[in-house]
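Participant: How does the following fold in three dimensions:
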Amino acid sequence: MDAEAGWKQAGESGGKGTGSGRKEEGSDPGEVLERRLKEISSELQSSGFWDSSQRIILQSLRKPFMMDEDEDNIPSLEKLNISENFQCVSFGIGNFSSCSVAKTQMAFLLLLLQELQISRDCCFVFDPVFSELELEVLCRLGLKVMAENEEGKHGISGVRTLFFMVHCGKSLYNNLLWSNWAPETLSKMAVLGNSFRGIQDRMPSKIFQKEYSYIAKILPATDETPFPAHPQYMEIFNDTSVHCFPSSKLKELSGEIWKLPEEPVYEENEEGQLEIIRKSQKKGICTDFEANEKKS
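Facilitator: Reported below is the predicted structural model:
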């Protein structure tokens, strides 16, 4: 599929920002940034990494996002037909106007929406560090910027959802799982982000079980498929996996783990900091996003 296809034409309005990553005299910074994203998308599509990674994503999604819920009746890889009643949520992509890693991740996200035939107005994004320029470009691209910092606590309200969360903090993944802590909900979502098993392997078991209990509890019911290794994109997508939670595996978990899930609480590190940016620290800007009904 052509990287240029479906790319929304930028508007004429200018915008202030922290930088576009590549300055061109007399050019609107937003237009320069959009052009650079298109260039990176073309580079991605011509690489073996895109072919391998998008195939892994499609193979991982085809079971949990089957419209008829029949996990044994796997559809054609080429036509998943999941665009209806399906959305994407992106957390923590970073400053894609100035950071090359974040810029490539944003280009990858746009390609993925195109590949899965997900309308851009069904892709909701948030990062409390987004600059004014980045917010403007996201709006011009047709993506929806969330109205507030949910700290990863985003309930999917029964809508099949792919979460794009590359290199996010462990707390965000844990919060996301807590917000959707029910078999019928988890089976309708997938998480593209840091390897859950890698998180487990790199932490003392006691700390992992205590501070990231929802990741720990869901691991036995998780289908995790790692991204391919590629020298050009090693830093950008290292330790990245696609995580799905098949109904058949969720049914095997003890019924006790679903009862009265407690909201996660995190302790500050030695420097008095947390992995996530709290709501009170910085808020996003609403650009006509209507939040799904949140878990009370």
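Participant: Quick one, grab the pLDDT at the residue nearest to Met106 when sequence neighbours are not counted.
Facilitator: Distances taken as Cβ to Cβ, 6 or more residues apart in numbering place Phe96 nearest to Met106, at 4.2 Å, with adjacent residues excluded. Every residue, glycine included, has its C-beta placed from N, CA and C. Looking at Phe96, its pLDDT stands at 97.
Participant: got it, and Pro75?
Facilitator: For Pro75, the predicted pLDDT is 44.
Participant: Identify the residues contacting Leu176.
Facilitator: By Cβ atoms under 8 Å, 6 or more residues apart in numbering, the contact list for Leu176 reads 91, 152-154, 163, 165, 191.
Participant: of those residues, closest to Val129?
Facilitator: Phe91 (11.6 Å; Cβ to Cβ).
Participant: Helices along this protein, start to end?
Facilitator: 29-45, 48-61, 100-116, 132-141, 170-179, 183-186, 196-201, 205-211, 213-218, 234-237, 247-250 (DSSP state H).
Participant: How about the last one, which residues are buried there?
Facilitator: Under the neighbour-count criterion of 16 or more other Cβ atoms under 10 Å, helix 247-250 has 247, 249-250 buried.
Participant: How about the second one?
Facilitator: Of the residues in helix 48-61, those scored as buried under the neighbour-count criterion (16+ other Cβ under 10 Å) are 49-50, 53-54, 56-58, 60-61.
Participant: go on, the fourth one?
Facilitator: Of all the residues in helix 132-141, those buried under the rule 16+ other Cβ under 10 Å are 133-141.
Participant: which other helices and strands contact that helix?
Facilitator: Counting contacts by 3 or more Cβ pairs under 8 Å, 6 or more residues apart in numbering; DSSP states H and E, helix 132-141 packs against helix 29-45, strand 144-145.
Participant: Arg202: which of these is closest?
Facilitator: helix 29-45 (28.2 Å).
Participant: Compute the mean per-residue pLDDT across that closest one, please.
Facilitator: 96.
Participant: same check, this time on stretch 217-224
Facilitator: For stretch 217-224, the per-residue pLDDT averages 97.
Participant: So for that stretch, what gets flagged as buried?
Facilitator: 217-218, 221-222.
Participant: Output it as PDB - backbone C-alpha positions only.
Facilitator: The C-alpha coordinates for stretch 217-224 follow below in PDB (Å, rounded to 0.1, in the frame of the first residue of the first chain):
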ATOM      1  CA  LYS A 217      -1.700 -11.700  36.900                       C
ATOM      2  CA  ILE A 218      -2.400 -11.500  33.200                       C
ATOM      3  CA  LEU A 219       0.900 -13.000  32.000                       C
ATOM      4  CA  PRO A 220      -0.300 -16.600  32.100                       C
ATOM      5  CA  ALA A 221      -3.200 -15.600  29.800                       C
ATOM      6  CA  THR A 222      -1.100 -13.500  27.400                       C
ATOM      7  CA  ASP A 223      -0.100 -14.300  23.900                       C
ATOM      8  CA  GLU A 224       3.000 -12.200  23.300                       C
END
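Participant: now it, how far from the chain's geometric center?
Facilitator: Averaging C-alpha positions (Cα atoms, centre = their mean, to the nearest Å) puts stretch 217-224 18 Å from its chain's average.
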